[in-house]
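S.K.: sequence first, then the predicted structure, then my questions.
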Amino acid sequence: MLNYQAIQKKALSFFPYGLIVFLSAMFFLTTSKAVNISFYILVLLPGLIVLPALVKRLYPYNMLKVLIVLIVFWGLLSSMNFSYGEEYKLLKELRHAVYVLMFCIALYYLLACKVVTSEQLIWYLFLLGLIYTFISAFYFYGWEGHALWDRLKPMLRIDSPIYVSNILVIFGVCVVDRSFSEKKWLLGALLLGCILLCLYFYNSRASIVALIGVFFFILIWRSKTYGRGQLYWLAGVLISYVALLYFFGGLMNRGVSYRTVIWLSALEKLSDCGVFMGCGWSGGSTVEIPSGLLFNHPHNLYIQHLMNTGLFGIISMVGLMFYLIREGIRKNSMITMGLVTSFIAMVFDGGDLITSPDAIWLIFWLPVVLVSWDIDNIYEPNLQHRSKA
């Protein structure tokens, strides 16, 4: 008969591999319910069983502590506007905070165990995005018979063209930048071509803006690394690509996105709640614009977070992002350019940060955790030795 220690030992050995399987499940399962169940079985339940061991193993990592404090802080800020009788809804939202905490802890443990490296995890997510796109394209254009100029719609759980293209760009930028930095020009050009091809069919303006923005940021930052000829070539490719999309890709033929109207209406809703504390989870994410149209969220991560947590929440979030980007650049963390891409892309989309398993975990939380991991390990050269003690 197994005792608790034996169960804990088995769960601890299974835990990092369960997370890897769960990351694949986020792409290839068909419903939110199936993804949630996979998270409970593969990550949450084993994590709760081995929680004391996780605390002991991960205690030396300072950036993980910062993330835990911020998640708890944002959860408390978002809970302040609940009224009597809404206890069930409050508990549901706080449960999501536990999910996000466990996801971040599981990522740290996965890397601490050296099952995979940060670079391998970046490649893994990028390849998952590519495979998911190719399968969706085969089904959408081949099986369903849509015309090639129709906008590609993903077929499984992550069903938003914006979110899938954001995932491709966030992790794709990292592998392209690393390839170019290591003078692997052919590989970098091939990877960049794959990203541009996918974005052509997804036709996501937010991802295209993020891609252009981050590459011009890279061109300035790595001007000595790339060389003048490569800089001109890359800039020419990006400018030509934008021109191609404008004239032949239907970039401007998708109608009005109402972004600015949505943002102004969301800020007006926020002013009714109070800027300092925000509307909280009880205020809801729905935004109604003057014409009467309703939108599920403000299509801007920062406005959404401001609505949920108020001024204190948005200052702490933006401060965290700038700190991670600055330190990631200073320490040459591979995922840093992916975080910059996320920072730009989330201006045009994004919902709640604290939520059940969702694409925002891959777009925001995963890059944040990976940069934090790199900073922790760079700052503490003996950290691995201490964590095993």
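M.R.: Arrived safely, thanks for sending. Numbers count the residues shown, from 1 in each chain.

S.K.: please make it C-alpha for all contacts and neighbour counts, starting now.
M.R.: Will do.

S.K.: count the neighbours of residue 203 for me.
M.R.: Residue 203 has 24 neighbours, counted by other CA atoms under 10 Å.

S.K.: can I assume it is in contact with residue 150?
M.R.: No - Residue 203 lies out of contact with residue 150 (CA atoms under 8 Å); the separation is 9.3 Å.

S.K.: list the residues that contact both of the two?
M.R.: Common neighbours of residue 203 and residue 150 are not found (criterion: CA atoms under 8 Å, 6 or more residues apart in numbering).

S.K.: spatially, what comes nearest to residue 70 if we skip its sequence neighbours?
M.R.: In space, not counting the residues next to it along the chain, residue 70 is nearest to residue 316; the distance is 7.8 Å by CA to CA, 6 or more residues apart in numbering.

S.K.: and the one you found, how far is that from residue 127?
M.R.: 32 Å (CA to CA, to the nearest Å).

S.K.: same question, residue 236
M.R.: 26 Å.

S.K.: and these two? Which one has more around it.
M.R.: Per other CA under 10 Å, whichever of residue 236 and residue 127 has more neighbours is residue 127, with 15 against 11.

S.K.: helix or strand: which one has that one?
M.R.: helix 118-137 (DSSP states H and E).

S.K.: which other residues reach that helix?
M.R.: 24, 27-28, 111, 152-155, 164, 167-168, 171-172, 174-175, 198, 334-335, 370, 374.

S.K.: may I have it as PDB, with CA atoms only?
M.R.: Taking C-alpha atoms only, helix 118-137 is exported to PDB below (Å, rounded to 0.1, in the frame of the first residue of the first chain):
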ATOM      1  CA  SER A 118      14.500  27.900 -21.600                       C
ATOM      2  CA  GLU A 119      15.700  27.900 -25.200                       C
ATOM      3  CA  GLN A 120      14.200  24.400 -25.900                       C
ATOM      4  CA  LEU A 121      10.900  25.500 -24.400                       C
ATOM      5  CA  ILE A 122      10.800  28.500 -26.700                       C
ATOM      6  CA  TRP A 123      11.500  26.300 -29.700                       C
ATOM      7  CA  TYR A 124       8.800  23.900 -28.500                       C
ATOM      8  CA  LEU A 125       6.100  26.600 -28.300                       C
ATOM      9  CA  PHE A 126       7.100  28.000 -31.700                       C
ATOM     10  CA  LEU A 127       6.900  24.600 -33.400                       C
ATOM     11  CA  LEU A 128       3.600  23.800 -31.700                       C
ATOM     12  CA  GLY A 129       2.300  27.100 -33.200                       C
ATOM     13  CA  LEU A 130       3.600  26.200 -36.600                       C
ATOM     14  CA  ILE A 131       2.100  22.700 -36.500                       C
ATOM     15  CA  TYR A 132      -1.200  24.000 -35.300                       C
ATOM     16  CA  THR A 133      -1.300  26.500 -38.100                       C
ATOM     17  CA  PHE A 134      -0.500  23.900 -40.800                       C
ATOM     18  CA  ILE A 135      -3.200  21.600 -39.500                       C
ATOM     19  CA  SER A 136      -5.700  24.400 -39.300                       C
ATOM     20  CA  ALA A 137      -4.800  25.600 -42.900                       C
END
